[in-house]
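# pasting the structure only:
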């Protein structure tokens with residue numbers, strides 16, 4: 001019987017660990033993409049007629065106050 005073993009190296013170990021990590025990350029990413037819910041267009045408010053979507057709210061007024069010099 002021939003019990004010759006191939007010499008192991010740290011470089012080979014790290015290459016194998018990197019390949020395994022990349023495979024796990026890819027599988028996890030693909031599964032996350034499959035289960036992510038798509039945004040529903042039904043929950044969005046209807047667009048205002050003639051595009052008048054801008055309104056001067058309190059939030060906008062506060063922003064303008066912070067930009068004054």
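Thanks, I have it. Since we're looking at a predicted model, the values are computed, not measured.
# looking at this protein, which helix is longest?
Counting residues, the longest helix found in the chain (DSSP state H) is helix 10-35.
# buried set for it?
Within helix 10-35, no residue is scored as buried using 16 or more other CB atoms under 10 Å. In short, each C-beta sits where N, CA and C put it, glycine included.
# helix or strand right after it?
Reading on from helix 10-35 to the C-terminus, the next helix or strand found by DSSP states H and E is helix 58-67.
# picking up where we left off before, average pLDDT for the longest helix of the chain?
Helix 10-35 shows a mean pLDDT of 85.
# now for that helix, which elements pack on it?
Using 3 or more CB pairs under 8 Å, 6 or more residues apart in numbering; DSSP states H and E as the contact test, no helix or strand touches helix 10-35.
# now do residue 43, the pLDDT please.
Reported pLDDT for residue 43: 66.
# try residue 49
Residue 49 is assigned 76 on the pLDDT scale.
# what distance do you get for it to residue 68?
Distance, residue 49 to residue 68, using CB to CB, to the nearest Å: 33 Å.
# same deal with residue 19?
In terms of CB to CB, residue 19 sits 57 Å off from residue 68.
# state the helix or strand in which residue 8 lies.
Using DSSP H and E, residue 8 sits within no helix or strand.
# okay, now it: neighbour count?
For residue 8, the count of nearby residues is 8 (other CB atoms under 10 Å).
# gap between it and residue 21?
Counting by CB to CB - residue 8 and residue 21 are separated by 19 Å.
# with residue 55 instead?
49 Å.
# ok, now which ones touch residue 48?
With contact set as CB atoms under 8 Å, 6 or more residues apart in numbering, residue 48 has no partners.
# an error on my part: the question was meant for residue 22.
By CB under 8 Å, 6+ apart, residue 22 has no neighbours at all.
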